[in-house]
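1. Generate a structure from the sequence data that follows.
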Amino acid sequence: MNYSFKEIMHSDYLDVCKMRSSISVKVRLLTEITSQNPNTWRVVGVTKAALRVFEKNDFQRKSGMGINRSHLVDRNTTYRKLLEDPKRDLNDWWTFYYENDKCVFATKSENMSGGVGDDYIPIDESLGLFRSKGYAWTHRKGVEDEFLRALAS
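-> Numbering: from 1, shown residues only. Purely as a prediction, here's the structure:
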């Protein structure tokens, strides 16, 4: 039988809920489980400060540039809520997880200061930009860089 990644993630999540391990262990496990989502940590915006950093780097993604994908709702908070109130229904679980997995590009200092709130420039998710690639994101020459260039102008 072929299961979707959502069904696999949800089944594994329910198994984690039953575990006797500490909450911190369960949160780490959920981080790994949710990494199976091909659109995890999806980018829905960019702060003005992060856009300026991209501009200084010719709109390329460079190592050490100090840009993070910052969750609008802290991942640990999301996972802890899921563990405290298990979502037995696949659709309820997916809706809660997916809505809370939104990220914006933010500077490292913005990310460390507790989040960016609503102060960001939205990016249309349907464009399929900045897709996850492990803990990084895709940043194709002529695609994501040109999008950011147009956004900055």
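
2. Now do stretch 96-111: distance from first to last residue.
-> Criterion CA to CA, to the nearest Å; first-to-last residue distance in stretch 96-111 is 22 Å.

3. Just the buried residues of that stretch, please?
-> Tyr97, Asn100, Asp101, Lys102, Cys103, Val104, Phe105, Ala106, Thr107, Glu110, Asn111 (16 or more other CB atoms under 10 Å). (Glycine included, C-beta is placed from N, CA and C.)

4. Excluding sequence neighbours, find me the nearest residue to Pro122.
-> By the measure of CB to CB, 6 or more residues apart in numbering, the closest residue to Pro122 outside its immediate chain neighbours is Gly45, 4.9 Å from it.

5. residues contacting that neighbour?
-> Val104, Phe105, Tyr120, Ile121, Pro122, Ile123 (CB atoms under 8 Å, 6 or more residues apart in numbering).

6. how does it look with 6 Å?
-> The contact partners of Gly45, by CB atoms under 6 Å, 6 or more residues apart in numbering, come to Val104, Tyr120, Ile121, Pro122, Ile123.

7. Test my guess that the third one contacts Thr47.
-> No: when contacts are counted by CB atoms under 6 Å, Ile121 is not listed as touching Thr47 (7.5 Å).

8. Give me the more crowded residue out of the two.
-> The residue with more neighbours, out of Ile121 and Thr47, is Thr47; 21 against 14, by other CB atoms under 10 Å.

9. Might you report the residue contacts of that one?
-> Residues counted as contacts of Thr47 (CB under 6 Å, 6+ apart) are Ala106, Glu110, Val116, Tyr120.

10. now these as CSV including secondary structure and distance to Arg52?
-> Output for the contacts of Thr47, formatted as CSV (DSSP: H, G, I helix; E, B strand; the rest coil; distance: CB to CB, whole Å):
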residue, secondary structure, distance to Arg52
Ala106, strand, 12
Glu110, helix, 12
Val116, coil, 14
Tyr120, coil, 13
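
11. Fine, thanks again, bye for now.
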